[in-house]
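# compute the structure for the input listed below.
(one chain, ligands or ions: 1)
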Amino acid sequence: MPADAAAKGMKLERYASGGAMLLRRVASGKIVTASSHLLFRATVLATLALVFLFTFHYPSLLSRSFSLSGDGGGAGPAGGPGMTHRSLLMSSSASAAYGGAAWEKEVRRSAKPRRDGGITVLVTGAAGFVGTHCSLALRARGDGVLGLDNFNSYYDPELKRARQRLLADRGVLVLDADINDGLLLEKLFDLVPFTHVLHLAAQAGVRYAMEAPQTYVASNVAGLVSVFEVAAKHADPQPAIVWASSSSVYGLNTDAPFSEEHRTDRPASLYAATKKAGEAIAHTYNHIYGLSITGLRFFTVYGPWGRPDMAYFYFTKSIITGEPITLFRTADGADARRDFTYIEDVVKGCLGALDTSGKSTGSKSGKKSGPAPLRVYNLGNTSPVPVTRMVAILEKLLGKKANKRIVTMPSNGDVPFTHANVSHAAHDFGYRPTTSLEAGLRHFVDWFVDYYKLKLDIPKITKASGADKPSSSSKKKKKAAAMAASS
Ligand SMILES: O=C(O)[C@H]1O[C@H](OP(=O)(O)OP(=O)(O)OC[C@H]2O[C@@H](n3ccc(=O)[nH]c3=O)[C@H](O)[C@@H]2O)[C@H](O)[C@@H](O)[C@@H]1O
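Numbering: from 1, shown residues only. Sure thing, here's the model as predicted:
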């Protein structure tokens, strides 16, 4: 018998067919019997172990009280829900620190608006890049903000903790919590009548989706449903929801600039497919439950406090350390291009979308009084830049050449270019991106050097070659730099 057949518990026997002697595989009775006994014992042991773990590590689920994930658990700003289940099992250690009158008081304090007519916003993914900036901006204008984030390890959780501290300094509480923890979300809505949810928790990153597909489904699909469910069926009154979709939904679309009317049925990555699925799910919750929902298609957002998994961020690090960087070129030799969008511009778009979201029309009872707004907007910069140009700007800012390797773009979900048409956002809430890539990367590099306490001989660049577009005032730039330096 061949070794591989034996190893699989099979044996081969000869049999006659149509006058010829043929070989066929039959299961070895002994092996099957022995392995099924073994399997039975292993199953019993595993079940007992699971019951033990479940009882001692997640009592809250049994008692239907709420709980929060511990440090480092669960789905985060990138609500990586592969981690969600981990967070459920890890939650007991942290849950003791939460709940109770003092905790509830903290939650209410953070969520309380400080101005007349201020809105009350639950920000998911609040320790993420966009979440941090939006929470700061909301707080700065006197709105109530409560954040949640699961601090997963998709990228350096310490950076998320630093953002959490920055927010705490401004009076914004960010809970260690997972968007898939529906009981916790219900508890928060019981405590605070949120007028809005800014749902930014997601598993981000286009290429990582090939490595960890399930985390995208768990966060960007299951997590989104979890938020919609609570907002639709538990919150009273229902909040309006603004959430992060992505420019990647345009996928293989070749019409440019990308407009909201263009096709989005050809996603090039699983990440894009989960965001597209999110847009379809949004339609359903709007249709059935009368939730006001606005999806924002972000275009490669960058800036201070950014995401270390993004090219501009790790290229900066690699240029400083002298490590090689890989630049993708399309099969026909063109540079990849991106409509890089500066964080401050995106924040203005997010706040504009919140302010114009309109009310949800449903109620806990399941009745809706009429149709609610369902919107989707591009938030881009409207001027795509080759990635090679982005690197050239970084080289100039850092005073050092990159060690470049140019390769043909691998088939990993990337798209050759993005380019936003933002006329709808401009019309509906005055969205106008004003920051050039040169100016935005200057703010980023200033922050990077400061945050990582680098002793670098950075060239003094008084005026970036492609200075901010005219409408960006120097006052605003100073404010961005001050915020960037406040780590
Ligand atoms: O706009 C979006 O919707 C998306 O923007 C980014 O995705 P991406 O544009 O791919 O951002 P990066 O990973 O920073 O890549 C930027 C550019 O650099 C190129 N690149 C990336 C990595 C690399 O090693 N070399 C390289 O040339 C990519 O092809 C791309 O053109 C974010 O990572 C996504 O989360 C977001 O949803």
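
# next one: stretch 246-257 to chain centre, how far?
19 Å (Cα atoms, centre = their mean, to the nearest Å).

# sorry, that was for stretch 307-322
19 Å.

# what do you get for stretch 358-378?
Between the centre of stretch 358-378 and the centre of its chain there are 24 Å (Cα atoms, centre = their mean).

# report how many residues lie close to Asp116.
6 (other Cβ atoms under 10 Å). Placement of C-beta: from N, CA and C, glycine included.

# now it: phi and psi?
Dihedral pair for Asp116: phi -60, psi 130, per degrees, to the nearest 10.

# now swap in the one 4 residues further on and tell me
Listed backbone geometry of Thr120 is phi -120, psi 110, with angles given as degrees, to the nearest 10.

# same check, this time on Ile325
Residue torsions, per degrees, to the nearest 10, at Ile325 are phi -120, psi 150.

# measure Arg161 to Asn152 for me?
Computed as Cβ to Cβ, to the nearest Å, the Arg161 to Asn152 distance reads 12 Å.

# pLDDT at the residue nearest the centre of the chain, what is it?
Closest residue to the average C-alpha location of the chain: Ala202 at 2.8 Å, with Cα atoms, centre = their mean. As predicted, Ala202 sits at a pLDDT of 98.

# not counting sequence-adjacent ones, nearest residue to it?
Excluding its sequence neighbours, the residue lying closest to Ala202 (Cβ to Cβ, 6 or more residues apart in numbering) is Asn220, at 5.2 Å.

# contacting residues for the one you found?
Gly79, Ala202, Gln203, Tyr271, Thr274, Lys275, Ala277, Gly278 (Cβ atoms under 8 Å, 6 or more residues apart in numbering).

# can you tell me how far it sits from Ala282?
12 Å.

# for the ligand, what are the nearby residues on this protein?
With the criterion set to Cβ under 6 Å from any ligand atom, the chain comes near the ligand through 204-206, 246-248, 298-300, 310-311, 326-328, 336, 338, 387, 414, 418.

# ok, of the residues you listed, which come out buried?
204-206, 246-248, 298-300, 310-311, 327-328, 336, 338, 387, 418 (16 or more other Cβ atoms under 10 Å).

# in the stretch 51-200 of the chain, which spans are helices?
Ranges of helices within the stretch 51-200 of the chain are 59-63, 84-95, 100-111, 129-140, 157-169, 182-191, based on DSSP state H, counting those that start in this stretch.

# now do the buried residues in the fourth one.
Right, helix 129-140. For helix 129-140, burial by neighbour count (16+ other Cβ under 10 Å) applies to Phe129, Val130, Gly131, Thr132, His133, Cys134, Ser135, Leu136, Ala137, Leu138, Arg139.

# relative to Arg139, how far out is the closest residue to the fourth one other than its chain neighbours?
Among residues not flanking Thr132 along the chain, Arg163 sits closest, at 4.2 Å (Cβ to Cβ, 6+ apart). Look at Arg163 and Arg139: by Cβ to Cβ, they are 13 Å apart.

# what sits against the nearest residue to Leu146 once chain neighbours are set aside?
Closest residue to Leu146 apart from its sequence neighbours, by Cβ to Cβ, 6+ apart: Ala111 at 4.3 Å. Ala111 sits next to Thr120, Leu122, Gly144, Val145, Leu146, Leu191, Val192, Phe194 when contact means Cβ under 8 Å, 6+ apart.

# follow-up on the earlier one: what's the most buried one of the helices of the stretch 51-200 of the chain?
Comparing the helices of the stretch 51-200 of the chain by mean neighbour count (mean count of other Cβ atoms under 10 Å), helix 129-140 ranks first with a mean of 24.

# re earlier: show the buried residues in the contacts of Asn220.
Counted by 16+ other Cβ under 10 Å, those give Gly79, Ala202, Gln203, Tyr271, Thr274, Lys275, Ala277, Gly278 as buried.

# columns secondary structure on top of the residues you listed, output as CSV?
Listed next are those as CSV, based on DSSP: H, G, I helix; E, B strand; the rest coil:
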residue, secondary structure
Gly79, coil
Ala202, coil
Gln203, coil
Tyr271, helix
Thr274, helix
Lys275, helix
Ala277, helix
Gly278, helix
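
# among the residues you listed, which two are most distant?
The span of the buried ones among the contacts of Asn220, defined through Cβ to Cβ, is set by Gly79 and Ala277 at 14.8 Å.

# distance check, the spatially closest residue to Ile293 that is not a sequence neighbour against Asp450.
Spatial nearest neighbour of Ile293, excluding adjacent residues (Cβ to Cβ, 6+ apart): Ala282 at 4.5 Å. Distance from Ala282 to Asp450, counting by Cβ to Cβ: 38 Å.

# try Arg141
25 Å.

# please identify which of those two sits among more neighbours.
Taking neighbours as other Cβ under 10 Å, Arg141 and Asp450 compare with Asp450 leading, 15 against 12.

# need the pLDDT of the more buried one.
Here the pLDDT value assigned to Asp450 is 96.

# which of the three states applies to it?
At Asp450 the chain is in helix, as set by three-state DSSP.

# I'd like the distance between it and the ligand.
Applying Cβ to the nearest ligand atom, to the nearest Å, the value for Asp450 to the ligand is 21 Å.

# do the same with Asp236
33 Å.

# kindly report the same for Lys400.
Lys400 is 18 Å from the ligand, by Cβ to the nearest ligand atom.

# give me the neighbour count for the nearest residue to that residue once chain neighbours are set aside.
Nearest non-adjacent residue to Lys400, counting by Cβ to Cβ, 6+ apart: Ile319, 5.5 Å away. Counted with other Cβ under 10 Å, residues neighbouring Ile319 total 22.

# quick check: Ile319 is in a helix.
Yes: using three-state DSSP, the assignment for Ile319 is a helix.

# on the three-state scheme, the closest residue to Ala426 other than its chain neighbours is what?
The shortest distance from Ala426 to any non-neighbouring residue, by Cβ to Cβ, 6+ apart, is to Arg432 (6.0 Å). Of the three states, Arg432 takes coil under three-state DSSP.
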